[in-house]
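Peer 1: here's my sequence, what's the structure:
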Amino acid sequence: MKKRVNFISQALALFFFTFMVVIDFFPDIVITMSTGVIGVVIFIVLAVITRQKGEPVFKSNKQELIFIVFSGIYFFSLLIILSLLGGVSQVGIGLTNPVLWGLYLLGVIGAYNKYKKELKQASNDGRGTFQ
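Peer 2: Predicted structure coming up:
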């Protein structure tokens, strides 16, 4: 039950985050940004509370790398779709923002280096050493 609540909380946090980005691109929507912020905060806190203690977030560095790559694809696709629909970000979030690209690339490079290190360690462990 706890895992299900955690999964639902994470999904709803993503929904409210997406909602906040949509509100930023289309501020004429009747619902305010504070609704999105409150939703994100509530569901992130709920996800943290219901997370299994001692269980890592990612089972491997490969899984973390895949998550970061697909999260970026989701986010940048969302920006493309909202821009194509005629929206304009009020705070400067966009495909031409070098800070977003820099943070994304730093995340991918960091996760890739951890994955590469894990692969190297696994190949060294499998070889065996003689003393």
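
Peer 1: mind listing the helices for this protein?
Peer 2: For the chain, applying DSSP state H gives helices covering 2-25, 33-50, 61-84, 98-127.

Peer 1: to Val91, which of those lies closest?
Peer 2: Set against Val91 and scored by CB to CB, these come closest in helix 2-25, at 6.0 Å. To be clear about C-beta, it is placed using only N, CA and C from the backbone, and glycine gets the same treatment.

Peer 1: against which helices or strands is the closest one packed?
Peer 2: For helix 2-25, the packing partners by 3 or more CB pairs under 8 Å, 6 or more residues apart in numbering; DSSP states H and E come out as helix 33-50, helix 61-84.

Peer 1: just the buried residues of the longest one, please?
Peer 2: If you call a residue buried by 16 or more other CB atoms under 10 Å, then helix 61-84 has these buried ones: 61, 64-65, 68, 72, 75, 78-79, 82.

Peer 1: contacts for stretch 81-92, please.
Peer 2: By CB atoms under 8 Å, 6 or more residues apart in numbering, the residues outside stretch 81-92 that reach it are 21-22, 24-27, 94-95.

Peer 1: filter the residues you listed to the buried ones?
Peer 2: Among these, those classed as buried by 16+ other CB under 10 Å are 21-22, 24-25, 94.
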